[in-house]
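K.L.:
Please work out how this folds:
(chains A and B)
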Amino acid sequence: MLDVLTGFVSELRSSGLPVSVTEAADAAEAIRHLPLEDRQAIKYALGATLVKSSAHWRAFDTAFEVYFSMRGPQYDIARDDDLSGRVEDTDGAGSGAGRGRGRGEGESGAGGLEMVSAEEIAAMLYRALRDGEQAMLGAVARLAVGRFAGMEPGRPVGGTYYLYRTLRNLDLDGVLARLIGEARASVEGGRPMPGEGDGEAPVPGPILRGRELGHLTPLEERLLEDEYKSRIEELRREIEAEIRRRLVADRGVEALAKSLRKPLPEDVDFMHATREELVLMRRAIQPLTRKLQARLARKRRHLRRGALDFRSTMRHSLSYGGVPAEPRFRHPRPAKPEIFVIADISGSVAAFARFTLHLVHAIASQFSQVRSFVFIDGLDEVTQIFERSETVTEAVHRVNQEADVVWVDGHSDYGHALGVFFQRWGQDVGPKTSILLLGDARSNYHAPEAWVLKELRRRARHVYWLNPEPRSYWGSGDSIIEHYSQFCDGVYECRNLRQLEAFVEHLV
Amino acid sequence: MGEGARFSSVTQVREGLASVGYLADDGLAGVVYLADRLGKPVLVEGPAGTGKTELAKSVARLTGARLIRLQCYEGLDESKALYEWNYKKQLLRIQVEQGAGWEEIEEDIFSEPFLLSRPLLEAIRATEPVVLLIDEVDRVEIETEALLLEILSDYQVSIPELGTVVANQIPLVFLTSNNTRELSEALKRRCLFLHLDYPSVERERAIVLAKVPDITEQLADQVARIVRSLRSLDLKKHPSISETLDWARTLVLLGIQSVDEATARSTLHLLLKYRSDIDTAAKELSVATSEASASVSAAASSR
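P.N.:
This is a model prediction of the structure:
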């Protein structure tokens, strides 16, 4: 057990979780107090001792599932044979020759399952979702993975493709529509949909139990749909677990943990984030801005560099018999900078621009004024959009739709965009203004027009450039960051939320 | 450490908590059990209104211990959290014995009778079982956090004039945090971490049933489901458990048997506290999401 634990801890460390030696020792101590066969209890014990932030839970969860996937009683390999015995089928005609090719004989435990036909799985799936039975869902997940995933032993993959393949074959959207359709039909007419009823009276989910006939109200429909969706989500998790279990059996724990390793949300690279990761980042940015805001406000309040407040000092000296023992200071009023954000929102860097705009606007109260401009090859001011929108998410959405940023062909042209900015808003740039430029400076070989930046820098307080590309790529290909960087007060590499947060704090 | 042994198993913790009206899931009960076994504090984190403070109170009720609560706020310091010398009494003492030597007086005025214990010291010195609740620990400054470290890891308080006060028994300690700032590594390392999230439908239904008298099972079920749907929306502030309970109580008071759209819309302000959230929710609840309803109506028409 100790070996597994140390391996697990070092895996956590390589995913970026800060696990100290004491914490590892605590974990070892903790599992001594729990029955080892209780997988869930062990998981929570390890979670409580090793993971000290809810944002890290996902990384922990993945690692745990890999390291301890084979060790629960419900995962006995023997059960597979059991299961295949129960749903013994003879034909197995559906398994295409191409899909069967890659599967070697070495794959244990999955052999019998492939005999079940696709229709049978679909019927089981439908029943499992309708009745919401935990055991049934698990069984369907196993069958579906065996039947559809087409796993090939030895391939160094993380399983995302297998998951996609299984889900595509199950047609969950169709099943959802059917489930709701059936519920509606049974409420309206009290009879099952033709073709699907298996004799017994349909029980369409617990929400409608004991309800008299009539029409399904939108509220009920909505609740029903959410219920089924959560069951489908559960099925998805089961399938993922099943795929992971097979991958572990195939390739061993360490190798799989490495290819499954998920970066923490604050370490995900803006340029290469998947859609799922973007969603997680969007969720992570909310507490991040709140924390940043709290920290900045606190910093401001506790800054002790204000001038001596003579009157207050005298007043307080009275309690020390007239000795000014405790000097009092005026609250400092640090200049709140004015911020102009000029962001490239062309495809390659859109995600980065979005997060930066989000962050800057979320802490707008720390600045005296925030104005945002977005460009691709044309440039437009979007401050109004941000001010009028309820939430930043909505604002970002509207920026994408409403801002007039395409001038010729919709490929980034930094030179032209800067030129337009200078012409139309150049006179607004004053000595209190900090300019923040966001982009990779890949201008598709257009003229850089770097003189604009030189002129802007002469007028403004600071000019900063944030580049979401790794520093080593700068200057390669059509990147013209070199032309601009000589006129900036600082050019920063800003590839993930962590770096972005650090920069914004520095800015204020 | 770890001689406490207030509980014998995780199941016992969970059942015990249920008997005092706190429905815990396995993870939560497991962490409480470990806290007792390992003699470690628990850091409870999570959105507002998910029962963080209630957990400490319930554990206190369950073990029959006294609850000592330290409410944290910005500007909390040693004299409010740990101990303070009773200056006025000390002054009086000095004035009473004008003639005595300084040595003697010093020894006298820095002794137990002149010490005012604040919550942390009180918890340490208690002879009866106590549960110490340090509420909203994220509100104190990062420097003040250091005050807590000694007590959390060694269950002792060092007073320069008196020496070290060591705990008679190891109290169960709960710290709660709303996560408005990152707590220091040192503090986190000393604690077991428990993240309390919104409960599952089943658990929320059970909570509603347990906490709201006279509610029917069907209504509780509906309440839990509607709240889950609301939490899946993109809102500024999601309804908390306490707001769910308020809502359920209101429905019972109004004599409502089953929630339909009209009642839901007219009582939404109990669950949601922002105008824009209420609008979004009212809109969302009265129309099923588009693509599913579209496909469903297509299926219905083909029938």
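
K.L.:
For B:Glu185, the count of nearby residues, please.
P.N.:
11 (other CB atoms under 10 Å in any protein chain shown). For glycine as for every other residue, the C-beta is placed from the backbone atoms N, C-alpha and C.

K.L.:
Quick check, it in contact with A:Pro18.
P.N.:
Yes - using CB atoms under 8 Å, B:Glu185 makes contact with A:Pro18 at a distance of 7.1 Å.

K.L.:
Show me the shaky parts of the stretch 1-150 of chain B.
P.N.:
B:1-5 (pLDDT under 70).

K.L.:
Residue numbers of it in contact with chain A?
P.N.:
B:10, B:26-27, B:30-31, B:33-34, B:37-38, B:40, B:42-43, B:45-46, B:74, B:141 (CB under 8 Å from any CB of the partner chain).

K.L.:
List the ones among the residues you listed that fall in strands.
P.N.:
Among those, the members found in strands (DSSP state E) are B:Val42, B:Leu43, B:Glu45.

K.L.:
Count the neighbours of the last one for me.
P.N.:
As a burial measure, the neighbour count of B:Glu45 was computed by other CB under 10 Å and equals 23.

K.L.:
wait, it sits on B:Arg181?
P.N.:
No - under the criterion of CB under 8 Å, B:Glu45 makes no contact with B:Arg181, lying 11.7 Å away.

K.L.:
show me where pLDDT drops low in the stretch 51-200 of chain A?
P.N.:
Using pLDDT under 70, the stretch 51-200 of chain A drops low at A:69-116, A:152-159, A:187-200.

K.L.:
where exactly do the strands run in the stretch 151-300 of chain A?
P.N.:
Under the criterion DSSP state E, counting those that start in this stretch, the stretch 151-300 of chain A contains no strands.

K.L.:
Please indicate which of the residues of the stretch 1-150 of chain B next to chain A are buried?
P.N.:
B:10, B:26-27, B:30-31, B:33-34, B:37-38, B:40, B:42-43, B:45-46 (16 or more other CB atoms under 10 Å in any protein chain shown).

K.L.:
Kindly reformat the residues you listed as JSON lines containing distance to A:Ala177.
P.N.:
Output for these, formatted as JSON lines (distance: CB to CB, whole Å):
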{"residue": "B:Val10", "distance to A:Ala177": "42"}
{"residue": "B:Asp26", "distance to A:Ala177": "35"}
{"residue": "B:Gly27", "distance to A:Ala177": "35"}
{"residue": "B:Gly30", "distance to A:Ala177": "40"}
{"residue": "B:Val31", "distance to A:Ala177": "41"}
{"residue": "B:Tyr33", "distance to A:Ala177": "45"}
{"residue": "B:Leu34", "distance to A:Ala177": "45"}
{"residue": "B:Arg37", "distance to A:Ala177": "50"}
{"residue": "B:Leu38", "distance to A:Ala177": "51"}
{"residue": "B:Lys40", "distance to A:Ala177": "50"}
{"residue": "B:Val42", "distance to A:Ala177": "45"}
{"residue": "B:Leu43", "distance to A:Ala177": "45"}
{"residue": "B:Glu45", "distance to A:Ala177": "39"}
{"residue": "B:Gly46", "distance to A:Ala177": "36"}
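
K.L.:
can you name the two of the residues you listed that are farthest apart?
P.N.:
Among these, the pair separated by the greatest distance (CB to CB) is B:Arg37 and B:Gly46, at 22.8 Å.

K.L.:
remind me, longest helix of chain A?
P.N.:
helix A:218-251 (DSSP state H).

K.L.:
and if you look at chain B?
P.N.:
In chain B, assigned by DSSP H, the helix with the most residues is helix B:217-231.

K.L.:
name the helices or strands packed onto that helix?
P.N.:
If you count contacts as 3 or more CB pairs under 8 Å, 6 or more residues apart in numbering or on different chains; DSSP states H and E, helix B:217-231 packs onto helix A:218-251, helix B:201-211, helix B:241-253, helix B:275-286.
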